[in-house]
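# here you go, sequence then predicted model.
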Amino acid sequence: MAMAEKGSLDGLRAFLCPSGIAKVLILGLIVRFAIAPWTYCPYDTYPFYSASVDMLGGLGMYGHAVFSYPPGFGFVMYPFMYLLSLFMDPSLFGVFVPEMIEVSAATSLINPFITAPAFNLALKLPLIIGDVLVASMLFLLVSQWKGEKAGRTAYALWFLNPLVIWISSVVGQFDVLAVLCTLLAVYFFIHDRYALAGLSVGAGALLKMYPAYLGVLFATYLLLSIGVRWKDRLRSTARMAAGLAISAIPAVPLLFTTPEMVDFVLRRAGADSFGGINLWFFTPITGNVMELAAGGSGAASFFQTPMFIMLVGIALTVAVSIALARSGRPLREGIITGSLLVLVIALLFRSVTNPQHLLWVIPFMIIFSLSVTKLRAPLFMLTASGLLASLTLRSFAVFFYPMAAYTPLTSVGQLNSIVNTYFSGGPLVPSILFVLSCLLGVLAMLSTLLIGSEIPARWIRERMWGARE
Amino acid sequence: MRRALLLAAAILLVVTVVAVQPASTMLAVDLDARRNLAEQAAIDVDYSSGESDHLYELIVSFMPADMPDVLPNIVIIDADGVPGRSSEINGLYDHIAVEMGLRGLEAAVTIESIEDMALPDPASIMVIGERAELNNETAAALMSWVSEGGRLICIGPGSLPFRQEIEDGEWTGPEDFLRVKYRELSYTVDEAEASAYAEALHLRSQAPLYAMEKEYLDNISAVTIGHLHHDADGDLVTASMVPIGDGRLVLFGGPTTSPAMVSGDSSLSWDIVQLYAGGALWSTGPPKFVSLPMSADARTGNLTITMDSIDAVVVMAYSLQPYVPAYGRTVVAAS
């Protein structure tokens, strides 16, 4: 019994900190913990604050209709916020700063509200843990196929990736947790654990909706795979569906206690803005291309809505899934390739693609780039694009307001003047810089699509999986 | 070991899922308000509320008002003439409904398209939160509806249907339409001055992108209910209330999407529900308020405040901390 327990503990330790990784892990953690308390996103953090204090106040995460994500991150945040509330009253979690109203009005993307360092740390702690777990999953996936050296490279490429650190430890967006679920889903799927794959996809969709794209890929793969009896195909699909259904159970009580939640979450798909690191990257300069196409009349139809764009993305996802399922590629190769292509399509065909969304594809690009060196350039381009887009949208200064409010190192006034200087020439220069940053990411994704879809299957098999198939 | 970890994770998940369910909607503040026997203009209030899990600041506002016994329904108008509902309209609906629910107010909140709707009973409240694309005939009908006792709230330039506009230095439009001019607001914290209404109800929308020129509002007997900004080109007002016949027109600067505390729709929804529940839409004079200090303990106490008139008074208690939605309300009849 004791031996088994020791074995489990050793296994856990080996998973969290594989051999030869300690320095990378420690360095990555030091950087993250050094910056996490003193930084935040002046636009995105408020909904997390609102959900946190509403949950602690017994109102539920949708209490003030400010948090409009699926409920998964509320579940993740709550234990950390509850522990924080034992030491600190929620009234101290953040503060309204009238001095910021001016920059708020000038940029439209800053709330004059600063969250406390302890709150920032509590918010980001699960994200930092997510960073570690994703790195460990990458090590596991890659080392099983390419050996531990490649696994260690994958671990470092993720854990020390500047965009990953920026999104989790500065911006405080929780995409990394959904990324973890997609990697778990892929791992379980290629090991024929379909119920667990479905459970992982469902858990990911409780955080952010996008893992549902992988659900489409998996279901298509199971139903259309060559050389498998229909009975087995249906049985596997049923297992995955059961896993999906089980994953939805935590959300069910909220459907009864907060039925309007569905409206808050799904209405975002109908939001009327376009842009970011996707095919509509130019809209900050040109205006909404859909309205331009309509002669600037402002008259909208279904074909001009984000919902339509998303449906096009889903249709392409299905097409790619069918092509890969019927291609006869080995399962691992097909699923990894499919995941990458499907998620790149999902990013390109969104109405708004923000820097944090780029994390969705980075693990899969890392896996590919270890064998297909041509993909390294898009990987680095995408990382740079995410960082630059984040920095050029409102200037770097906006992320450091907690440092200004809670330390003597800088002041709110100093940061305000940096932001005002950045926007002093009007919105055109920041818009051009932002659009160029986004263009870099779009080019990276388009080249990823070309590389991922053009490479002959045999070539990948030989380079990446051949020896172990 | 693995089983123990899985079991612990499952227990944590179950506890978390249970803990995050909405368990309470409102911390009721009992208010017993009456006229002071010695001085008719003074109001005595006994208040009490239960214990809270967290610290909160309690405000008690006093609004002289001539208002209906039952709070009326709120209709949000989809007025932009474009198919589908804009995010502004959806946002206002979500947040107003939430603010009403957290106070336990049962009046209905609905969205109606201007093309399909018949004008509601003048006892209702209508909200236009986006550019209104209406012809002059419909706009005049809306103006008549207000005149008959309706309350119309318009947010942002372009939302007021019966407005004259300046073209080449001349006012254009039907003569009886209102002359209201919006101008871009360059906000600085030192130059904002809260009105009595903004202070008593803690209105949040204080820095819209566009505000109204006070000079023209004064010409139509408007009362400032938001913040006043002293500008070199003339004072600007963020929110204002205009009496029209038996009704009221409330004008907010805007547009709805411009940021304030959180987002425009959230802040404006708080402001609208505060004006509504606090009685400001039916006010007969400026309000007063008392601020009680931060505490999580059960509160019991009394206070007396002297009003400027002997009109009926709406007494409302509310919290500044949104996650402790303390609320209480009562009306003291006119003397």
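Perfect, thanks for sending it. Residues are numbered from 1 along each chain as shown, chains lettered A, B, ... in the order given.

# thought B:Ser124 was touching B:Ile74?
Yes: with contact defined as CB atoms under 8 Å, B:Ser124 reaches B:Ile74; the gap is 7.3 Å. Quick note: C-beta positions are derived from backbone N, CA and C, even for glycine.

# which one's more surrounded, those two?
Neighbour tally, B:Ser124 and B:Ile74, criterion other CB atoms under 10 Å in any protein chain shown: the higher count belongs to B:Ile74, 26 against 19.

# look up phi and psi at that one.
phi -120, psi 130 (degrees, to the nearest 10).

# again, but for the one 3 residues further on
Its backbone dihedrals place B:Ile77 at phi -100, psi 130, with angles given as degrees, to the nearest 10.

# just give the closest residue to it, not the sequence neighbours.
B:Ile128 (4.9 Å; CB to CB, 6 or more residues apart in numbering or on different chains).

# next: B:Glu191.
B:His230 (5.0 Å).

# neighbours of the one you found, just the number please.
Using other CB under 10 Å, B:His230 has 13 other residues around it.

# can I assume it is in contact with B:Glu193?
Yes: here B:His230 lies in contact with B:Glu193, judged by CB under 8 Å, at a distance of 7.1 Å.

# which stretches of chain B aren't confidently modelled?
B:24-25, B:258-264 (pLDDT under 70).

# quick one, helices of it?
B:2-19, B:87-102, B:136-147, B:196-201, B:214-219, B:264-277 (DSSP state H).

# which other residues reach stretch B:29-37?
B:42-49, B:58, B:60, B:299, B:304, B:310, B:313, B:315, B:317, B:326-330, B:332, B:335 (CB atoms under 8 Å, 6 or more residues apart in numbering or on different chains).

# again, only using 10 Å
For stretch B:29-37, contacts defined as CB atoms under 10 Å, 6 or more residues apart in numbering or on different chains pick out B:41-50, B:58, B:60, B:62, B:299-300, B:302-307, B:310, B:313-319, B:326-335.

# next, count neighbours for B:Tyr210.
Count around B:Tyr210 with other CB under 10 Å applied: 18.

# contacts only, for the most centrally placed residue in chain B.
Against the mean C-alpha coordinate of chain B, by CA atoms, centre = their mean, the closest residue is B:Ile272 at 1.9 Å. For B:Ile272, the contact set (CB under 10 Å, 6+ apart) comprises B:74, B:76, B:92, B:95-96, B:99-100, B:125, B:127, B:129, B:153, B:155, B:203, B:205, B:250, B:252, B:280-281.

# again, 7 Å this time
By CB atoms under 7 Å, 6 or more residues apart in numbering or on different chains, the contact set of B:Ile272 is B:96, B:127, B:153.

# likewise for A:Thr257?
Here A:Thr257 is in contact with A:60, B:21-22 (CB under 7 Å, 6+ apart).

# who wins for most neighbours among these?
A:Gly60 (23 neighbours).

# skip the chain neighbours and tell me the closest residue to that one.
B:Pro22 (3.4 Å).

# isn't the one you found up against A:Leu59?
Yes: assessed by CB atoms under 7 Å, B:Pro22 is found in contact with A:Leu59 at 5.5 Å.

# low pLDDT regions in chain A?
For chain A (pLDDT under 70), the answer is A:1-7, A:268-272, A:287-304, A:454-469.

# so in it, which helix runs the longest?
helix A:117-146.

# tell me how far it is from the chain's mean position?
Centroid displacement of helix A:117-146 relative to its chain, using CA atoms, centre = their mean, to the nearest Å, is 12 Å.

# do it and chain B meet at all?
No: Helix A:117-146 lies out of reach of chain B by CB under 7 Å from any CB of the partner chain, never closer than 11.9 Å.

# do a quick rundown of the strands in chain A.
Ranges of strands within chain A are A:94-96, A:113-115, A:275-276, A:352-353, based on DSSP state E.

# can you redo those strands as a markdown table with mean neighbour count?
Shown next, in a markdown table, are the strands of chain A (neighbours: other CB atoms under 10 Å in any protein chain shown):
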| stretch | mean neighbour count |
| --- | --- |
| strand A:94-96 | 17 |
| strand A:113-115 | 25 |
| strand A:275-276 | 24 |
| strand A:352-353 | 22 |
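
# can I get those in a markdown table with distance to A:Val66?
As requested, the strands of chain A are exported to a markdown table (distance: least, CB to CB, whole Å):
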| stretch | distance to A:Val66 |
| --- | --- |
| strand A:94-96 | 13 |
| strand A:113-115 | 11 |
| strand A:275-276 | 21 |
| strand A:352-353 | 18 |
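
# let's have those strands in TSV, adding distance to chain B.
Listed next are those as TSV, based on distance: least, CB to the nearest CB, whole Å:
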stretch	distance to chain B
strand A:94-96	6
strand A:113-115	7
strand A:275-276	15
strand A:352-353	12
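
# give the contact list for the closest residue to B:Glu148 other than its chain neighbours.
Of all residues not flanking B:Glu148 in the chain, B:Pro122 sits nearest, at 4.5 Å (CB to CB, 6+ apart). Counting by CB under 7 Å, 6+ apart, B:Pro122 makes contact with B:145, B:148-150, B:247.

# tell me which of these fall in strands.
Going by DSSP E, the strands hold B:Gly247 from the contacts of B:Pro122.

# surely A:Leu199 meets A:Gly243?
Yes: shown here, A:Leu199 and A:Gly243 form a contact pair, counting by CB under 7 Å, at 3.8 Å.

# could you dump stretch B:51-65 to CSV, C-alpha only?
The C-alpha atoms that make up stretch B:51-65 are tabulated as CSV, following Å, rounded to 0.1, in the frame of the first residue of the first chain:
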residue,chain,number,x,y,z
GLU,B,51,-26.1,41.0,9.6
SER,B,52,-24.1,40.9,6.4
ASP,B,53,-21.2,38.6,5.4
HIS,B,54,-19.2,41.6,4.3
LEU,B,55,-18.7,45.3,5.0
TYR,B,56,-21.0,47.7,3.3
GLU,B,57,-21.9,51.4,3.4
LEU,B,58,-25.6,52.1,3.8
ILE,B,59,-27.2,55.3,2.3
VAL,B,60,-30.6,56.5,3.0
SER,B,61,-32.0,59.0,0.5
PHE,B,62,-35.0,61.3,0.9
MET,B,63,-36.8,62.4,-2.3
PRO,B,64,-39.9,64.7,-2.2
ALA,B,65,-42.1,63.2,-4.8
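
# which residue is the nearest non-sequential neighbour of residue 166?
With no chain named, the answer covers chain A. A:Leu387 (5.9 Å).

# ah, I was thinking of chain B
B:Ile166's closest residue in space is B:Lys181 (CB to CB, 6+ apart), at 6.5 Å.

# next: A:Thr237.
A:Leu222 (4.7 Å).

# the one you found and chain B, how far apart?
According to CB to the nearest CB, to the nearest Å, A:Leu222 stands 26 Å off from chain B.

# residues in contact with that residue?
A:233, A:236-237, A:240.

# and for A:Arg239, the neighbour number?
18.

# my guess is it meets A:Ala195, correct?
Yes: counting by CB under 7 Å, A:Ala195 is a contact partner of A:Arg239 at 4.5 Å.

# buried deepest among the helices of chain B, which one?
A comparison of these by mean neighbour count, using mean count of other CB atoms under 10 Å in any protein chain shown, puts helix B:264-277 on top with a mean of 26.

# tell me the spacing between the residue nearest to B:Ile166 and A:Phe48.
Separation of B:Lys181 from A:Phe48 (CB to CB, to the nearest Å): 40 Å.

# neighbour count for these two, which is higher?
Taking neighbours as other CB under 10 Å, B:Lys181 and A:Phe48 compare with A:Phe48 leading, 27 against 18.

# all strands of the stretch 101-250 of chain B, in order?
B:109-113, B:125-128, B:151-155, B:163-167, B:170-172, B:178-179, B:182-184, B:192-194, B:210-213, B:223-224, B:227-229, B:236-237, B:239-244, B:247-252 (DSSP state E, counting those that start in this stretch).

# A:Pro98 is nearest to which of these?
strand B:192-194 (8.2 Å; CB to CB).
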